[in-house]
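*Asks:* sequence? don't have it. structure:
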């Protein structure tokens, strides 16, 4: 009996030792398969959706990754074994096409493979099965990114932000189905505080009037950031406000990028900007108890912006004054005023009715820029479709200035490396909520190495 027990133990040990080896096997990379659902495309009138799978599953951040759009009800999602239940807290609405979107909100227990699903249904007869596909890029460095489509109401669509078709971005391809509204906008934005609205001055993008059954490629771009305002003073007589800004900010670069329209006059000095108050202006807290002398500020600006060029035997005196853009476009005024003299000037008389300036400016302390130390650049743009372009200039890799609404550059530049970029007029290369136009790329660009006493001429033809 004793020997029998020993032999039996040896047999059992040998059998267990030869069950198999730990050599692994094929990697499970297949997502769960949906076997059964109570959803129907038409006449679905239940407040409970059930999904049954071929294997054991779990939920994966379901509140973000399982959505029903438009968002007319809240969802309570649960899972047990191979079944997921989605409970709606209210009845579906009549004549609305709903879109169930599962972006990895369900995973298998074995290898966490994500289940991706998109299904449209309706309480009545299905009204629309159109598809809008959005391909995303440039999302690696931007967390809490969301995408949304909403009704096109012009600039008010940004103020009255509709989140019915908003979803978090968890994948580089988003598909919307069943959109009935014929006029809609597309938004891509960051939402770090999770209030379902774009973070102010963080990366964003916008496409106006998207079409059904279309594919769009969109990425996040920079939103214009305002300068840091330290103090604001109002002058009731001229309806102007004075904005004192942080001197570390490059105010010239920032102001030049602001979209100026609707009778806004912006004048730049070394210490502040003066902006005519307008309904479309950025909102600032106004201190009406302190006033300032508008004309003196304007004179200081003109004095600092005067340039004297010596070209051969002549002297050219010029100053730059940003006119009201509305009048500029209507009357085609140039914002650079030039006077040619044959003797070295010591004073300069300015009489300008547009801003009410009539005064004599002393030029003794203004340096003279000699032609042989500068480079003369001429850029002429020819097009059969338009005469108006925006020309952006960077100097040694940094923003220098933008010349708006023109087809010609005829100026002298300090020797350096310049890049010329030509855009169709009125298109912006950064998001601007006051002027929501589809982002565009330059239609022409060229890098120039300008030297002293250099004559550079570009004839650009664009269609």
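*Replies:* Nice, I can see it. This structure is a prediction, so every number in the text was calculated from the model and none was measured.

*Asks:* from memory residue 420 sits against residue 393, does it?
*Replies:* Yes - the criterion here is C-beta atoms under 8 Å, and residue 420 meets it with residue 393 at 6.1 Å. For every residue, glycine as well, the C-beta is placed using N, CA and C.

*Asks:* poorly predicted segments of the stretch 251-400 of the chain, please.
*Replies:* Low-confidence segments of the stretch 251-400 of the chain, defined by pLDDT under 70, are located at 251-295, 297-298, 301, 320-336, 352-356.

*Asks:* who does residue 368 bridge with?
*Replies:* Legend: beta-bridge partners of residue 368 under DSSP bridges are residue 308.

*Asks:* what sits against it?
*Replies:* For residue 368, the set of contacting residues under the criterion of C-beta atoms under 8 Å, 6 or more residues apart in numbering consists of 308-310, 315, 344.

*Asks:* the protein: helices as residue ranges?
*Replies:* Defined through DSSP state H, the helices belonging to the chain, from first to last, are 2-17, 62-65, 156-159, 251-257, 294-305, 325-331.

*Asks:* about what we covered before: just flag the most distant two among the contacts of residue 368.
*Replies:* The most widely separated members of the contacts of residue 368 are 309 and 344, with 11.7 Å between them, by C-beta to C-beta.

*Asks:* overlap in contacts, the two.
*Replies:* 315, 368.

*Asks:* okay, the two: which has more neighbours?
*Replies:* Under the criterion of other C-beta atoms under 10 Å, the comparison of residue 309 against residue 344 puts residue 309 first, with 18 against 10.

*Asks:* got a list of what the more buried one touches?
*Replies:* Taking C-beta under 8 Å, 6+ apart as the definition, contacts of residue 309 comprise 315-318, 368-369, 371, 374, 412.

*Asks:* which of those are buried?
*Replies:* Applying 16 or more other C-beta atoms under 10 Å to those, the neighbour count classes 315-318, 371, 374, 412 as buried.

*Asks:* can you redo those residues as JSON lines with distance to residue 148?
*Replies:* JSON lines is the format used below for the buried ones among the contacts of residue 309 (distance: C-beta to C-beta, whole Å):
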{"residue": "315", "distance to residue 148": "58"}
{"residue": "316", "distance to residue 148": "53"}
{"residue": "317", "distance to residue 148": "53"}
{"residue": "318", "distance to residue 148": "48"}
{"residue": "371", "distance to residue 148": "55"}
{"residue": "374", "distance to residue 148": "50"}
{"residue": "412", "distance to residue 148": "48"}
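
*Asks:* tell me which of those residues is nearest to residue 53?
*Replies:* The shortest gap between residue 53 and any of these belongs to residue 412, at 72.7 Å (C-beta to C-beta).

*Asks:* please look at that closest one and residue 378 and confirm they touch.
*Replies:* No - proximity of residue 412 to residue 378 does not meet the contact threshold set by C-beta under 8 Å, at 10.4 Å.

*Asks:* from the buried ones among the contacts of residue 309, which two are the most distant?
*Replies:* The widest separation within those, taken as C-beta to C-beta, falls between 317 and 374 and amounts to 15.4 Å.

*Asks:* state the number of residues packed around residue 381.
*Replies:* Other residues within reach of residue 381, judged by other C-beta under 10 Å, total 21.

*Asks:* likewise for residue 139?
*Replies:* Under the neighbour criterion other C-beta under 10 Å, residue 139 is assigned a count of 16.

*Asks:* kindly report the same for the one 5 residues further on.
*Replies:* Using other C-beta under 10 Å, residue 144 has 14 neighbouring residues.

*Asks:* which ones are touching it?
*Replies:* The neighbours of residue 144, taking C-beta under 8 Å, 6+ apart as the test, are 168, 190-192, 194.

*Asks:* mind checking which of these are buried?
*Replies:* Buried members of these, counted by 16+ other C-beta under 10 Å: 168, 190-191.

*Asks:* how does the protein divide into domains?
*Replies:* The chain breaks down by automatic domain parsing into domains covering 34-122, 131-219, 233-292, 293-370, 374-462.

*Asks:* how about JSON lines for those domains, with distance to residue 27 added?
*Replies:* Rendered in JSON lines, the data for the domains of the chain read as follows (distance: least, C-beta to C-beta, whole Å):
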{"stretch": "domain 34-122", "distance to residue 27": "7"}
{"stretch": "domain 131-219", "distance to residue 27": "21"}
{"stretch": "domain 233-292", "distance to residue 27": "51"}
{"stretch": "domain 293-370", "distance to residue 27": "62"}
{"stretch": "domain 374-462", "distance to residue 27": "41"}
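
*Asks:* so which of those is nearest residue 26?
*Replies:* Going through the domains of the chain one by one, with C-beta to C-beta as the measure, domain 34-122 comes closest at 10.9 Å.

*Asks:* now do the end-to-end distance for the closest one.
*Replies:* 20 Å (C-alpha to C-alpha, to the nearest Å).

*Asks:* and what of stretch 51-67?
*Replies:* End-to-end distance for stretch 51-67: 14 Å, by C-alpha to C-alpha.

*Asks:* give the buried residues for it.
*Replies:* 51-53, 55, 57, 60, 62, 65-67.

*Asks:* report the rounded mean pLDDT for stretch 98-112.
*Replies:* When the per-residue pLDDT values of stretch 98-112 are averaged, the result is 91.

*Asks:* ignore what I typed, I meant stretch 38-49.
*Replies:* For stretch 38-49, the mean pLDDT works out to 91.

*Asks:* quick one: end-to-end length of that stretch, please.
*Replies:* The separation between the terminal residues of stretch 38-49, taken as C-alpha to C-alpha, is 6 Å.

*Asks:* quick one on the thing from earlier: among the buried ones among the contacts of residue 309, name the ones in strands.
*Replies:* For those, membership in strands holds for 315-318, 412, with DSSP state E as the criterion.
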